[in-house]
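K.L.:
fold the following and give me the result.
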Amino acid sequence: MADAASRLTALAEELLSQPLPVRVRAWDGSESGPPDAPVLVIRRRRALRRLLWKPGELGLARAWVAGEIDVEGDLYEALGRLAGLLWGRDADDSVHPVRDPRARAFARGLLRLAGPWPPPAPPAEEVRRRSGPLHTRHRDRQAISHHYDVGNDFYALVLGPSLVYSCAYWQDGGTLEEAQRDKLDLVCRKLALQEGDRLLDVGCGWGSMAIHAARHHGARVTGITLSREQAALARKRVADAGLTDRVEIRVQDYRDVHDGPYDAISSIGMAEHVGSVRYREYADDLYALLKPGGRLLNHQIARRPERDEDAYRIDAFIDAYVFPDGELAPLGRTLTLLEEAGFEARDVEALREHYALTLRRWVANLEQHWEQAVRATSPGRARVWRLYMAASALSFEHHQIGVNQILAVRPLDGGASRMPLRARTWTESAGGSGA
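P.N.:
Residues are numbered from 1 along each chain as shown. Just a heads-up that it's a prediction; the model follows:
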């Protein structure tokens, strides 16, 4: 099939009504497009069959995970150019896949190029569809296992020695490990942890927050996670640090914690898994677990508000390959639900640019240790994380999503908060505690 790249480029430009911003190299060796642009490599014709079977993001994601399409050149530049086709288009300038003649012509052209049917099966890394209501305990355990139980060795390569899987807190010239240490210490200082305080760390990951709070602030910490692999490594790290008398790691759902009251609660990068149907229950449960005057630090990714919130849909690629059933909410909605549960919001800090920097460092770690990462999990899984993290970095940089730390308090009867009049006392210790 001669000159498949030119035919694909012409089809795409007709559909989009504008030039394609990347160069295309097809399976037949042909190339088309701007010579100085990143190259979208279509290694196999069956990638087109995936796109015909699942038009849009999911079809492209399956082809990427399977290694049937790739990018040659700067991945960030390629994603930025392609994302501009979406972010730069007016919301009303959409292409309906059935009614629009451009879409029908595009599909007919792909069909002629795609080769024999049927479409290939989804890659093994794609989550198998779950049945039943969203965010039951059983379904949440399955979703968490899909994301986190992919090998501690893989995450260690990506995250580095800190083993912290959330946004770091950067200063100029700092390393990833220093920035993650500073983030953990920032959380501890916002919570005003003192010797002997009981801290509940919801979604404790590999135990880094629990270890830091116990070692440097004298807290007695209960960390909970639904991932058995995370819990096993977290317990080992706690034992290696000599903190088994201060830190307990449990495989437990937040809905099953009944041993309050706690002096403080940290929830760092966990609330995205809760879901809109359960978020008020999550807020109520954390409120009940805090003693009056206790503080909650909720560190959570937020999306931009939709003009029609009922139109919000979970991202197809992320739902299928990264965070099954994960949902993002606007900051205002999260604050409202926390306040409805009884919390008083005392401080909100936006860390959007910090997360973009963090993700770029994780991508660099993955690329530097690519062969080891592939051996630790699978080629498809490594490709999922590279695409997910690079695209997410751009989303933070372009203000498509953000991340915020919400400091809230459970007021005492009568309304006292036990907060200082000048609440941002934690800024006086910026730079960490020398962990």
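
K.L.:
pLDDT score for Arg307?
P.N.:
For Arg307, the model assigns a pLDDT of 89.

K.L.:
which strand residues bridge the spatially closest residue to Ala271 that is not a sequence neighbour?
P.N.:
Here the nearest residue to Ala271 in space, its sequence neighbours aside, is Gln300; by C-beta to C-beta, 6 or more residues apart in numbering that works out to 4.4 Å. Yep, even glycine has a C-beta here, placed from its N, CA and C like the rest. Per DSSP bridges, the residues bridged to Gln300 are Asn404.

K.L.:
same check, this time on Val348
P.N.:
The partner list for Val348 in beta bridges (DSSP bridges) reads Ile406.

K.L.:
list the contacts of it.
P.N.:
331, 335, 404-407 (C-beta atoms under 8 Å, 6 or more residues apart in numbering).

K.L.:
list just the nearest of these to Ala124.
P.N.:
Asn404 (35.4 Å; C-beta to C-beta).

K.L.:
so what's Lys183 up against?
P.N.:
Applying C-beta under 8 Å, 6+ apart, the residues contacting Lys183 are 164, 166-169.

K.L.:
I should have written Ile401 there, sorry.
P.N.:
Contact analysis of Ile401 by C-beta under 8 Å, 6+ apart lists 301-304, 328, 352, 392, 395.

K.L.:
just the closest of those residues to Leu82, please.
P.N.:
Among those, Ser395 lies closest to Leu82 (C-beta to C-beta), at 12.9 Å.

K.L.:
next up, the contacts around Gly205.
P.N.:
Contacts of Gly205 were listed using C-beta under 8 Å, 6+ apart, and they are 163-166, 225, 230, 234, 268-269.

K.L.:
now these as JSON lines including neighbour count and distance to Val41?
P.N.:
JSON lines is the format used below for the contacts of Gly205 (neighbours: other C-beta atoms under 10 Å; distance: C-beta to C-beta, whole Å):
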{"residue": "Leu163", "neighbour count": "21", "distance to Val41": "34"}
{"residue": "Val164", "neighbour count": "25", "distance to Val41": "34"}
{"residue": "Tyr165", "neighbour count": "20", "distance to Val41": "30"}
{"residue": "Ser166", "neighbour count": "23", "distance to Val41": "33"}
{"residue": "Thr225", "neighbour count": "24", "distance to Val41": "38"}
{"residue": "Gln230", "neighbour count": "25", "distance to Val41": "35"}
{"residue": "Ala234", "neighbour count": "27", "distance to Val41": "40"}
{"residue": "Ile268", "neighbour count": "24", "distance to Val41": "38"}
{"residue": "Gly269", "neighbour count": "17", "distance to Val41": "33"}
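
K.L.:
quick one: which of the contacts of Ile401 sit in strands?
P.N.:
Using DSSP state E, 301-303 are the members of the contacts of Ile401 that sit in strands.

K.L.:
what about Ala288, which SS state?
P.N.:
Secondary structure, DSSP: H, G, I helix; E, B strand; the rest coil: Ala288 is helix.

K.L.:
and what about Ser266, helix, strand or coil?
P.N.:
strand.

K.L.:
okay, and the beta partners of it?
P.N.:
Beta-bridge partners of Ser266, as defined by DSSP bridges: Asp201, Leu297.

K.L.:
quick one: it and Ser208, what's the gap?
P.N.:
11 Å (C-beta to C-beta, to the nearest Å).

K.L.:
between those two, which one's more packed in?
P.N.:
Ser266 (29 against 26; other C-beta atoms under 10 Å).

K.L.:
any idea how far that one is from Ser145?
P.N.:
In this view, Ser266 and Ser145 are 23 Å apart by C-beta to C-beta.

K.L.:
picking that back up, in TSV: the contacts of Val348, plus neighbour count.
P.N.:
Formatted as TSV, the contacts of Val348 follow (neighbours: other C-beta atoms under 10 Å):
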residue	neighbour count
Leu331	19
Leu335	19
Asn404	18
Gln405	20
Ile406	23
Leu407	24
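
K.L.:
okay if I get those residues as JSON lines plus distance to Gly293?
P.N.:
Compiled in JSON lines, the contacts of Val348 are given as follows (distance: C-beta to C-beta, whole Å):
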{"residue": "Leu331", "distance to Gly293": "25"}
{"residue": "Leu335", "distance to Gly293": "20"}
{"residue": "Asn404", "distance to Gly293": "23"}
{"residue": "Gln405", "distance to Gly293": "20"}
{"residue": "Ile406", "distance to Gly293": "17"}
{"residue": "Leu407", "distance to Gly293": "13"}
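
K.L.:
whichever helix in the chain runs longest packs against which elements?
P.N.:
For the chain, the longest helix by residue count, based on DSSP state H, is helix 379-397. With contacts taken as 3 or more C-beta pairs under 8 Å, 6 or more residues apart in numbering; DSSP states H and E, helix 379-397 sits against helix 57-65, helix 75-87, helix 152-159, helix 316-321, helix 352-368, helix 370-376, strand 401-409.

K.L.:
relative to helix 352-368, how tilted is the last one?
P.N.:
Looking back up the chat, that one is strand 401-409. For strand 401-409 against helix 352-368, the angle by axes from the mean of the first three to the mean of the last three C-alpha atoms, to 10 degrees is 120 degrees.

K.L.:
ok, so of the contacts of Val348, who is nearest Arg181?
P.N.:
Gln405 (15.9 Å).

K.L.:
now the helix or strand hosting Glu339: buried residues?
P.N.:
In the assignment (DSSP states H and E), Glu339 maps to helix 331-340. For helix 331-340, the neighbour count (16 or more other C-beta atoms under 10 Å) marks 331, 333-338 as buried.

K.L.:
list the contacts of it.
P.N.:
271, 279-280, 283, 296, 298, 300, 302, 305, 345, 348, 402, 404, 406, 408.

K.L.:
coming back round to it: which residues does the residue nearest to Ala271 contact?
P.N.:
Taking C-beta under 8 Å, 6+ apart, we find Gln300 in contact with 267, 269, 271-272, 334, 403-404, 406.

K.L.:
over to Leu134?
P.N.:
Leu134 sits next to 275, 277-278, 325 when contact means C-beta under 8 Å, 6+ apart.

K.L.:
same check on Arg81?
P.N.:
Contacts of Arg81 by C-beta under 8 Å, 6+ apart are 21-22, 37-38.

K.L.:
pLDDT value on the closest residue to Arg189 other than its chain neighbours, please?
P.N.:
Ranked by C-beta to C-beta, 6+ apart and with sequence neighbours excluded, the top spatial neighbour of Arg189 is Trp426, at 3.6 Å. Per-residue pLDDT puts Trp426 at 80.

K.L.:
Trp426 and Asp182 touch, don't they?
P.N.:
No - between Trp426 and Asp182 there is no contact under C-beta atoms under 8 Å: 11.0 Å.
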